[in-house]
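Trainee: what's the 3D shape of this:
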Amino acid sequence: MAVAIKKTGISVAPLWHAQAKEIQKYGSVVDDMPHPLSAKVRSEMVAQLNQLLADSIALRDMYKKHHWQVSGPTFYQLHLLFDKHFEEQVEMVDTIAERVQLLGGVTIAMGGDVAEVTRIQRPPRGREEVPVQISRLLEAHKVIIQSCLDISEAADKAGDQGTNDLVISDILRPNELQSWFIGQHLVEMPLILDK
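Mentor: Next comes the predicted model:
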């Protein structure tokens, strides 16, 4: 049984190929926000947080790549650990992005944009040996940890306690923990101890 649609001048068909102007440019912040920080401070924090966001997205995706491509005697443990760290990075990425939006900014979001901005070295498309995968992850964590320290210092000077708290509590500490967990896989330990 067909249902008749009353002619109201409003179409129920999807609008394909819609075009419009951007409602907010990347790199800008909303001026008239009910936030105590000035637009200048918020703009500076948004720029630094977007860099951290791009680097965190790159690290998140590297964890998934290595989760799929890990092999060797430690496959099972690293397969699970890389996926666990990926899921934790998903949460951190979302936390950073929400702070950017809260400060009136626009988040970096698309893979191509992230690839242009990130300071994380891009791994090859192919599979690498486990020590190389882990070394890449550790280098990426190092970039993010240093970024957190730099942002924390800048936020403290600017009076932005919210950003300071976020980068230390929600981003720095989990990244330190993740780097410790994966770094332990590079420690050389004899399988049998001599007596």
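
Trainee: residue ranges of the strands in the chain, please?
Mentor: Applying DSSP state E to the chain gives no strands.

Trainee: all helices for it, in order.
Mentor: Listed in chain order, the helices of the chain (DSSP state H) span 39-69, 75-102, 111-117, 130-158, 161-165, 173-183.

Trainee: packing partners for the third one?
Mentor: If contacts are counted by 3 or more C-beta pairs under 8 Å, 6 or more residues apart in numbering; DSSP states H and E, helix 111-117 sits against helix 39-69. Where C-beta positions appear, they are placed from N, C-alpha and C, glycine not excepted.

Trainee: between helix 75-102 and the helix it packs on, find me the angle.
Mentor: 160 degrees (axes from the mean of the first three to the mean of the last three C-alpha atoms, to 10 degrees).

Trainee: buried residues in helix 39-69?
Mentor: By neighbour count on 16 or more other C-beta atoms under 10 Å, the buried set for helix 39-69 is 39, 41-46, 48-67, 69.

Trainee: same deal with stretch 15-22?
Mentor: For stretch 15-22, the neighbour count (16+ other C-beta under 10 Å) marks no residue as buried.

Trainee: that stretch: end-to-end distance?
Mentor: Start to finish, the residues bounding stretch 15-22 are 18 Å apart (C-alpha to C-alpha, to the nearest Å).

Trainee: which residues are in contact with Val117?
Mentor: Val117 makes contacts with 50-51, 54, 108, as judged by C-beta atoms under 8 Å, 6 or more residues apart in numbering.

Trainee: and the closest residue to Gly183 other than its chain neighbours, how far from Val132?
Mentor: Leaving aside its chain neighbours, Gly183 sits nearest to Leu138 (5.8 Å; criterion: C-beta to C-beta, 6 or more residues apart in numbering). Remark: distance between Leu138 and Val132 (C-beta to C-beta, to the nearest Å) = 11 Å.

Trainee: still on that earlier bit, tell me which of the helices of the chain sits nearest to Gln24.
Mentor: Among the helices of the chain, helix 75-102 comes nearest to Gln24, with 10.3 Å by C-beta to C-beta.

Trainee: average pLDDT for that closest one?
Mentor: The average pLDDT within helix 75-102 is 97.

Trainee: what helices or strands is that helix leaning on?
Mentor: Judged by 3+ C-beta pairs under 8 Å, 6+ apart, the packing partners of helix 75-102 are helix 39-69, helix 161-165, helix 173-183.
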